[in-house]
Structures are given as C-alpha cells and as structure tokens.
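*Asks:* For reference, the sequence and a predicted model appear below.
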Amino acid sequence: MQKRDQLTNNDHDKMDAFIGAIIDDYKNGLVSKQAIIAGLGHVIGAIDHGNHDEARMWFSQGRKFIREKLND
C-alpha cells in the first residue's frame with residue numbers, strides 16, 4: 001500500500017511562519033485584510049483537496065504572492 005502524502009512537522013512549522021508573516025504584513029499595513037483572506041483561502045483549499053505540494057509552495061512563496069498579486 002502506498003503511503004498517502006501528508007504535511008510533515010517541518011511543513012507545519014513553515015505554515016506557522018507563513019501565517020505569522022502575513023499577519024505581521026497586515027498589522028504593518030503592507031497588505032489588505034482581503035489579500036490575507038484570499039491567500040489563506042488558497043492554502044486551505046489546496047490542503048482540503050490533498051494538494052500538499054501547492055500548500056508547500058504557499059508556505060515558501062505565498063507571502064510574496066500576496067504582497068504582489070492579491071493586495072488591493
């Protein structure tokens with residue numbers, strides 16, 4: 001039986017860092033509330049669909065993407 005891909009402890013650490021970073025960006029006025037909501041929605045959707053590689057991409061590059069593409 002093939003092992004199902006899942007988020008590792010390292011992935012969870014990176015997710016925590018990503019969430020903390022985007023909250024800091026919001027607190028410092030660098031991104032909008034709507035941009036944070038949209039970004040987190042993408043991450044949650046990826047995890048919900050089992051697309052952990054996409055979620056991992058968000059953990060590593062999502063802050064930049066939110067600042068550049070999703071911010072009002």
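*Replies:* It's in.

*Asks:* tell me the contacts of the residue at minimal distance from the centre of the chain?
*Replies:* The centre of the chain sits closest to W58, judged by CA atoms, centre = their mean, with a distance of 4.2 Å. W58 is in contact with 18, 39, 42-43, 46, 65, counting by CB atoms under 8 Å, 6 or more residues apart in numbering. (C-beta placed from N, C-alpha, C; glycine too.)

*Asks:* mind pulling up the phi and psi values for it?
*Replies:* phi -60, psi -40 (degrees, to the nearest 10).

*Asks:* okay, it: pLDDT?
*Replies:* W58 is assigned 97 on the pLDDT scale.

*Asks:* Same check on the one 4 residues further on?
*Replies:* Per-residue pLDDT puts G62 at 96.

*Asks:* swap in K3?
*Replies:* On the pLDDT scale, K3 gets 59.

*Asks:* what does V31 give?
*Replies:* Predicted confidence (pLDDT) for V31: 97.

*Asks:* Sweet, I'm off.
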